[in-house]
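Asker: give me a 3D structure for the following:
(one chain, ligands or ions: 1)
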Amino acid sequence: MRFIATLLLIVFFSSKALAGTLSVTVRSTDGKPVQDAVVMVYPGGQPTRGPITFPWPYRVAQQNIQFTPFVLIVPVGAEVAFPNLDKVRHHVYSFSAGNKFELKLYGREENRTVRLPTAGVAAIGCNIHDQMVGFIRVVDTAYAAKTDAAGVATISDVPSGSVVARVWHPYLRAMKNEKTLATTSVGNGTTRETMAVELRPQGGH
Ligand SMILES: [Cu+2]
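Answerer: Below is the predicted model of the structure:
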């Protein structure tokens, strides 16, 4: 009995220790790399229990009459900062269900923070400048990353085993702007996947 218990513990801890990297390349149907796609990985199909932290700042600056970055990933419940680095004032808002907010006109060097309580999307705009468009993807998994200029997102330390992986982009032509990746498992080392997506014309939001 004790032997079996010990064996089970060894199996449990060794399987916990195994982790791999998932590298996803997102391309448009005409073969071009798609930047700013968000890849979300759910080990065992489950959201992360407990606190989630990412190494990048939870921050959307207003600079040169634009939101920077265009797409930001934050964990559910995160406090997001909205510093205004412009000389003009901005009036930032989101009408997205579950993550609505409004930051009344505020000026240069001023900062505001907002808590985003709901997993999903906060599409942000500015009441003064219609061309200002940005997106915050609020996630309930610790395993998420954004594609770079080459269309590649790399997610490391994903526990080995079966996973559900989803790709989201604000202009992805699909229900909820999201597609599920065919990959069903991550092993040791790097698992590489490619997804082709159809995007709506830029600015067609
Ligand atoms: Cu503005």
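Asker: give me every residue in this structure lying close to the ion.
Answerer: When proximity is defined as C-beta under 5 Å from the ion, the chain approaches the ion at 90, 126, 128, 129. (Glycine included, C-beta is placed from N, CA and C.)
Asker: if you look at these, which of them are in strands?
Answerer: Judged by DSSP state E, the subset of those located in strands is 90, 126.
Asker: take the residues of the chain next to the ion and lay them out in CSV including distance to residue 60, neighbour count and pLDDT.
Answerer: Listed next are the residues of the chain next to the ion as CSV, based on distance: C-beta to C-beta, whole Å; neighbours: other C-beta atoms under 10 Å; pLDDT from 0 to 100:
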residue, distance to residue 60, neighbour count, pLDDT
90, 11, 26, 93
126, 11, 22, 97
128, 16, 13, 94
129, 14, 16, 96
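Asker: in JSON lines: the residues of the chain next to the ion, plus distance to residue 74.
Answerer: As requested, the residues of the chain next to the ion are arranged in JSON lines below (distance: C-beta to C-beta, whole Å):
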{"residue": "90", "distance to residue 74": "20"}
{"residue": "126", "distance to residue 74": "19"}
{"residue": "128", "distance to residue 74": "24"}
{"residue": "129", "distance to residue 74": "23"}
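Asker: so what's the gap between the particular helix or strand that has residue 102 in it and the chain middle?
Answerer: Assigned by DSSP states H and E, residue 102 belongs to strand 101-106. Remark: strand 101-106 is offset 24 Å from the chain centroid, using C-alpha atoms, centre = their mean, to the nearest Å.
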